[in-house]
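The amino acid sequence is not available; the structure is as follows:
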């Protein structure tokens with residue numbers, strides 16, 4: 001019997017990770033339900049009896065985000081590697097454009113760009129730009145980026161938009177997320193990272209001490225976090241009402257739509273504090289279920305990243321994973337008084353058109369990696 005040894009070769013697998021897609025779809029659907037539940041009272045008062053105002057705006061943004069997701073899934077993610085510097089520079093220019101006439105102010109903060117048909121928060125674009133550029137540079141120079149100095153050089157990519165977002169738009173929470181994306185991508189990609197981790201921890205400690213010594217409203221937020229009852233008029237009211245909402249929900253909640261705290265007691269119930277309304281209406285069970293679903297997303301990201309032999313694609317997935325993980329952890333930590341209030345939304349669930357649009361774009365990139373990932377075929381004998 002003759003034997004022929006086939007050559008070891010690679011082939012493209014065109015399988016989208018449907019587990020991830022279904023989980024995201026459920027989060028989006030659940031988010032719309034909770035958005036209406038948490039916002040109808042505020043919308044009725046602010047928009048002449050239109051209780052579904054926030055919901056309608058979010059549905060339009062969600063429809064656009066689905067188009068964006070399909071676009072990024074269909075386009076091979078490797079195409080974006082050629083344009084990473086262009087996207088990165090454009091994102092920084094758009095942050096600066098907030099200071100121009102197209103910049104828009106809302107709720108006392110100037111963080112949006114008004115393009116007429118829609119408004120965009122450039123900080124969200126910066127997150128994708130950092131993910132793509134760092135993935136491109138690390139995948140191309142992975143052997144050179146090993147040790148404290150090379151890691152710090154690459155980290156500048158994340159620090160530039162971090163500084164711009166903080167200084168230009170005064171958006172501290174988005175600045176933290178962008179920096180967090182850079183830190184996690186570097187730690188995952190580089191082996192000799194102990195010095196870098198120690199430096200980051202040291203800088204965090206110095207930053208907290210500096211905030212306390214310099215004063216200002218961010219130092220006040222730390223004091224509010226330590227004793228919200230004493231500083232109720234400086235922001236402790238929101239923290240306390242959020243905790244009341246979580247505590248009053250008990251194990252299984254008061255029932256969908258039955259929250260009391262959303263009736264003007266919890267400020268921004270449809271935004272930063274929506275997790276407290278979830279816990280009040282669906283109880284501890286509902287809150288944990290949401291966190292389990294986010295944990296499932298993180299696991300699927302890890303599976304996709306581990307199962308591709310393209311380092312650029314794997315690092316793109318790691319960057320998206322870092323973004324969502326940091327944002328979820330910070331949001332839940334803020335509403336449970338684990339960390340000082342930073343005003344951060346819960347991905348896919350909180351109200352915000354820019355947020356859902358660019359989050360779905362990132363999911364599209366991840367699904368594109370899954371769809372176009374390459375696997376090894378074992379040697380075949382006949």
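Nice, thanks for sending it over. Since this is a predicted model, take the numbers as computed values, not measurements.

Please state the offset of stretch 17-37 from the chain centre?
15 Å (CA atoms, centre = their mean, to the nearest Å).

oh, I was asking about stretch 69-81
That offset, for stretch 69-81, works out to 19 Å (CA atoms, centre = their mean).

quick one: contacts of stretch 177-186?
Residues external to stretch 177-186 that are found in contact with it (CB atoms under 8 Å, 6 or more residues apart in numbering): 123, 126-127, 130-131, 134-135, 138, 145, 151, 154-155, 157-159, 161-162, 165, 193, 196, 200, 315, 318-319, 321-323, 325-327, 330, 344. The C-beta positions use only the backbone N, C-alpha and C, and glycine is treated the same way.

same thing with stretch 128-144?
80-81, 84-85, 87-88, 90-92, 145, 150, 154, 157-158, 161, 178, 181-182, 185-186, 189-190, 310-312, 315-316, 318-320, 323, 358, 361-362, 365.

Swap in 6 Å and give it another go.
Stretch 128-144 has contacts (CB atoms under 6 Å, 6 or more residues apart in numbering) with 80-81, 84, 87-88, 91, 157-158, 178, 181, 185, 189, 311-312, 315-316, 319.

now swap in stretch 255-263 and tell me
37-38, 41, 241, 245, 269, 277, 280-281.

from these, which ones fall inside helices?
Taking DSSP state H as the definition of helices, the contacts of stretch 255-263 contribute 37-38, 41, 241, 245, 277, 280-281.

Now the two most distant members of those residues.
37 and 241 (16.6 Å; CB to CB).

Can you show me the helices along the stretch 101-250 of the chain?
Secondary structure of the stretch 101-250 of the chain (DSSP state H, counting those that start in this stretch): helices located at 122-140, 148-169, 172-189, 194-214, 217-226, 236-249.

looking at these, which has the lowest confidence?
Here the helices of the stretch 101-250 of the chain differ in mean pLDDT, and the lowest is helix 217-226 at a mean of 71.

Taking helix 236-249 as reference, get the angle to it.
Relative orientation of helix 217-226 versus helix 236-249 (axes from the mean of the first three to the mean of the last three CA atoms, to 10 degrees): 30 degrees.

for helix 217-226, packing partners?
Counting contacts by 3 or more CB pairs under 6 Å, 6 or more residues apart in numbering; DSSP states H and E, helix 217-226 packs against helix 194-214.

what's the longest strand in this protein?
Ranked by number of residues, the top strand in the chain under DSSP state E is strand 109-114.

buried sites along it?
Neighbour counts over strand 109-114 (16 or more other CB atoms under 10 Å) mark 111-113 as buried.

Specify the angle between that strand and helix 148-169 in degrees.
Using the same axes, to 10 degrees: strand 109-114 against helix 148-169 is 90 degrees.

Which neighbouring elements make contact with strand 109-114?
strand 103-106.

before we move on, back to that, right, so the helices of the stretch 101-250 of the chain: which one is the most enclosed?
helix 122-140 (a mean of 25; mean count of other CB atoms under 10 Å).

How far away from the center of its chain is that one?
13 Å.

Next: stretch 87-104.
On CA atoms, centre = their mean, the centre of stretch 87-104 falls 20 Å from the chain's centre.

Ok, stretch 33-40 next?
21 Å.

hang on, the earlier thing: of all the helices of the stretch 101-250 of the chain, which one comes closest to residue 48?
Closest among the helices of the stretch 101-250 of the chain, using CB to CB: helix 236-249, at 25.8 Å.

what packs against the closest one?
helix 274-306.

could you give the angle of the next helix or strand after the helix it packs on to helix 172-189?
Following helix 274-306 in sequence order, the next helix or strand is helix 311-335 (DSSP states H and E). Interaxial angle, helix 311-335 versus helix 172-189 (the same axes, to 10 degrees): 140 degrees.
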